[in-house]
Structures are given as C-alpha cells and as structure tokens.
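Student: starting from these lines, generate the structure:
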Amino acid sequence: MIATSPIEFPVTVKGKQLQATLIAEEGTAIDFAYRVAFSDGYQDLFAFDEESGRLYGVEGEEQAIYAAALENDLSILINLDTKKFYYVFQHVIGNEPINIWIKEGIDEHYAPAYQVYYQQHYQFELHQAGNHWIVSSRSKDPDHFIDEVLAERIKFVLDSLL
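Tutor: Okay, the predicted model is just below:
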C-alpha cells in the first residue's frame, strides 16, 4: 500500500450516508487486510477472498453490510499515493450515488495525467493541453465508453482544485 495517511470517503451503509476512513494496511507480504473505520463507530479489518475476489470483514458481527459498502472503493485505494493529488466525490450513475476517484498519475509520454476510477475500475483519464482538457481511455474493453457528462464535471473539478 502506498497511502501514507488516512483516506476518507463517503459510503452508504444500511441506506445511511457515512464517512469511511482507510486507516492502515495490516498483514504479511502475502496476506493483506485493510483497517477501515466508519463515522458511526464501526471498525473492522477487510480483506479480499482470493477465489471469489469479494471483500469480507474479518472481525465484526456486521461485517457483510460494511464490506458491501466498501466493495467499489477499496480496490481503487490499495495503490493510492496520498502524497500525490487525489480527490473523491459522488456522482449519480443509474440512480445511485457512486464514488468517483481522480488520481494523479503520468501518461506514456511522462506528462501529468489524472486517472478516473469508479465501480472498482479505471474508466478514463484527462490530460491538460494549454487551457483545455483532453479525455482519453486505455481500456481494452470493446464496450467501454467515456461518460461525457461525468468527464465535463471532472474537468470543472480539476480546474477548480488545481
């Protein structure tokens, strides 16, 4: 895990909006688990099942409910470097608020790029060219498309924050 400080992000647990905080990575070089605290006081250690790829809680009685709330985000956070720019906000996709993660990276030409992740996966990235943003994707999925409405919102977010 690259994160050097706690990472906070919104989640929905039992229909209630909460904040989750990824506190730390625990475990050995082979088996990793992630300590996450929630704004309602619940805390657990979460890990991915190697066979199913599903997230599960290790310690708490209500672990399944909280694991489900983290499932779309925790895999995105595993390699997040908190020393670089990142930002998370919610955007409605299919009538559901989804966390959109913007992470600073570098493109193949070693220029700054901002990768966009949501629903567990890389979706597209943005590069700045002068005063304009260029939206592109490295996805190999033939059904992949870039959500233009979301891309415009991210352009606005980046212009506002950078």
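Student: can you pull the buried residues of the helix or strand of the chain with the lowest mean pLDDT?
Tutor: Here the helix or strand of the chain ranked lowest by mean pLDDT, DSSP states H and E is strand 55-57, holding a mean of 78. By neighbour count on 16 or more other C-beta atoms under 10 Å, the buried set for strand 55-57 is Leu55, Tyr56, Gly57. Using the backbone N, CA and C atoms, a C-beta is placed for each residue, glycine as well.
Student: from the residues you listed, which is closest to Asp141?
Tutor: Of all those, Asp141 sits closest to Leu55, with 22.3 Å by C-beta to C-beta.
Student: next one, pLDDT for the closest residue in space to Leu158 that isn't next to it in sequence please.
Tutor: Leaving out its chain neighbours, the residue that sits closest to Leu158 by C-beta to C-beta, 6 or more residues apart in numbering is Tyr114, at 6.1 Å. For Tyr114, the model assigns a pLDDT of 94.
Student: got the contact list for Tyr114?
Tutor: By C-beta atoms under 8 Å, 6 or more residues apart in numbering, the residues touching Tyr114 are Phe85, Ile102, Lys103, Glu104, Gly105, Glu125, Leu126, His127, Ile154, Leu158.
Student: quick one: the helix or strand hosting it to chain centroid distance?
Tutor: Assigned by DSSP states H and E, Tyr114 belongs to strand 112-118. In terms of C-alpha atoms, centre = their mean, to the nearest Å, the gap separating the centre of strand 112-118 from the centre of its chain is 10 Å.
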